[in-house]
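*Asks:* below is the structure, and that's it, no one-letter string:
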C-alpha cells in the first residue's frame, strides 16, 4: 500500500519539476524581451538628451553624470541614441518577420493544400532561394535602394520566408485529409477559409517557433547591413549603425561600440532562448498526445 501510493507522488513531482523548468525557459527570456521592447518604445520619455543633439565640445567623452554612457564621435549622448536605436532595430526586425511570415504562410499553405504543380513550383522556388547567396543579394539591393528604412524589412523578409513556407507546407500536407477538414469541405467551406480558419491554427505553434528564431536572425542581418553602411542610414540610429560610427573611436570611447553590441547580444539571446523554450513545449505536447 505504501509503495503504491508513493510512486505516483514521485512521478507527479517529477512531472511538475519538468513543467516548471519548461515554463522558466519561456518566462525568463520573455520577461527580458518585454523589458527591452518597453524601454525602446519609451525612448522619447527615457532619453536624457535629444536624439540628434551634437556637442562638438564633448566628442567621445567618457561616462559622466550628464552622459552615463559617454558620447559618440559627434558628441551625441550614447544612452539616448541606444534607446532610440532599439526602437528602429526592433521595428525593422518585427516588420521583416511579418513579411516573411505572410509570404511563407501564403506560399506554404498553397503548396500544402493544392499540391501538384503548385507544390512543385513552390518547392523549386524555396530551393532556388536557399541556393543563392542571400546576404550578397541584400547588400547589392540595399546599396541600390540607398538605405531607405522602409525597404530594409522588405529585403530581409523577402529573403527569409523559406523556413516558414516549409513548415506550413509540411503541416498542411499532414492534416489536409483529416476528419475536420473533410467536414469543413462537406459543409461547403471554401479552400482559403479551410486553410486559414481550420488548418493554419494546427501549424501555429511551429510557426511561432520559426518567428522567434527569425526575429533574432533579422536583427543580426539588419545590424550587419547597417554596420557595413548599407542599412538604415544616420542620423536615424540603429544598434548596427551605432557600432559602425563608433569603431573609429574604439580606443577613446569603447562604450559607444560596446553598448549597442551588448544590446544586440542580449536581445538575440532572448529570442533564441524563447524559440528553444517554445520548441520544447511543442515537443512535450506532441509526446503527450
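*Replies:* Thanks, I have the structure now. Values in this document were obtained by computation on a predicted structure and should not be read as measured data.
*Asks:* tell me the mean pLDDT for stretch 257-273?
*Replies:* The average of the pLDDT scores along stretch 257-273 is 94.
*Asks:* in that stretch, which residues are buried?
*Replies:* Along stretch 257-273, these residues count as buried under the neighbour rule (16 or more other C-beta atoms under 10 Å): 257, 259, 260, 261, 263, 264, 267, 268, 270, 271, 272, 273. In this view, the C-beta of every residue, glycine as well, is placed from N, C-alpha and C.
*Asks:* stretch 140-157 now?
*Replies:* In stretch 140-157, counting by 16+ other C-beta under 10 Å, buried: 141, 142, 145, 147, 149, 151, 152, 153, 155, 156, 157.
*Asks:* and stretch 112-126, by the same measure?
*Replies:* Neighbour-count burial for stretch 112-126 flags 112, 113, 119, 122, 123, 126 (criterion: 16+ other C-beta under 10 Å).
*Asks:* residues contacting the first one?
*Replies:* For residue 112, the contact set (C-beta atoms under 8 Å, 6 or more residues apart in numbering) comprises 119, 168, 169, 170, 171, 172, 173, 176.
*Asks:* can you check the third one too?
*Replies:* In this structure, residue 119 makes contact with 111, 112, 169, judged by C-beta under 8 Å, 6+ apart.
*Asks:* could you do the fifth one as well?
*Replies:* Counting by C-beta under 8 Å, 6+ apart, residue 123 makes contact with 111, 169.
*Asks:* what does the fourth one give?
*Replies:* Counting by C-beta under 8 Å, 6+ apart, residue 122 touches 107, 108, 110, 111, 165, 169.
*Asks:* let's go with 6 Å and repeat that
*Replies:* By C-beta atoms under 6 Å, 6 or more residues apart in numbering, the residues touching residue 122 are 107, 111.
*Asks:* measure it to residue 217 for me?
*Replies:* From residue 122 across to residue 217, the span is 21 Å (C-beta to C-beta, to the nearest Å).
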